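Peer 1: how would this look folded up:
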Amino acid sequence: MAEDTRTRLLMTAMTLFAEKGYDATSIADILRAANANSGSLYHFFPTKQDLLVEVLRLYRDGIYPMLLMPAWDGVSDPIEKVFALLAHYRGHLVNSDCFYGCPIGNLALEIHEPDPPVRELIAVNFDGWVAAIEQCYREAGPRLPVDIDRHALAVFTLTTMEGGVMQARAHRKLDAFDQSVAMLRDYIARLEVKTGETT
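Peer 2: Sure thing, here's the model as predicted:
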């Protein structure tokens, strides 16, 4: 029962932080939405930041089941996995009328000078995303030039996604997101053509 309460508080906080932002979400909001009392919350999470840290750990540990697995269902080609993941984010934008924001990206922008545990976990979450995409580029093997920095390409992909999401939210339309993804696809296609010309 206690673990159920902890999980409910954690999942509620995750949802509210994503929807409203960390600062705009009050402890009262979390208690009301989780149907819990303050004693239960403070038993598990002495401070709001402790709750945030656990939310970030949940994102870190859940990258595959919560994000990658749904996006990659039925997709086997490693390059197409990259674009399937980007399409997954696009779907969130479409379903939210462009109000959706990447939860980790939102927190990175919202929390100024975060304490080291928070900053480090935000960075670790970005690192996990980059590592998954880097693996896709590695699995593409000789389709990409041997001298291309696959880690840097994955970082570039993350930056494309985050920037596209932010601009879609600002303009309340998908143009910037779609243009960014199209340019990334064009760049990768050119890399593949270049590889084909040199083999």
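Peer 1: list the helices and strands whichever strand or helix holds Met161 packs on?
Peer 2: Take DSSP states H and E as the rule and Met161 turns out to sit in helix 150-171. Counting contacts by 3 or more Cβ pairs under 8 Å, 6 or more residues apart in numbering; DSSP states H and E, helix 150-171 is packed against helix 78-95, helix 103-110, helix 116-139, helix 175-198. No exception for glycine: its C-beta is placed from N, CA and C like everyone else's.
Peer 1: from the middle of its chain, how far away would the third one be?
Peer 2: This means helix 116-139. 9 Å (Cα atoms, centre = their mean, to the nearest Å).
Peer 1: on that earlier part again, please name whichever of the helices and strands packed on helix 150-171 is nearest to Thr15.
Peer 2: The closest approach between Thr15 and any of the helices and strands packed on helix 150-171, judged by Cβ to Cβ, belongs to helix 103-110 at 9.6 Å.
Peer 1: about what we covered before: which residues are in contact with the helix holding Met161?
Peer 2: Taking Cβ atoms under 8 Å, 6 or more residues apart in numbering as the criterion, the residues outside helix 150-171 that touch it are 82, 86, 89, 93, 98-102, 105, 126, 129-131, 133-134, 136-138, 144, 174-181, 183-184.
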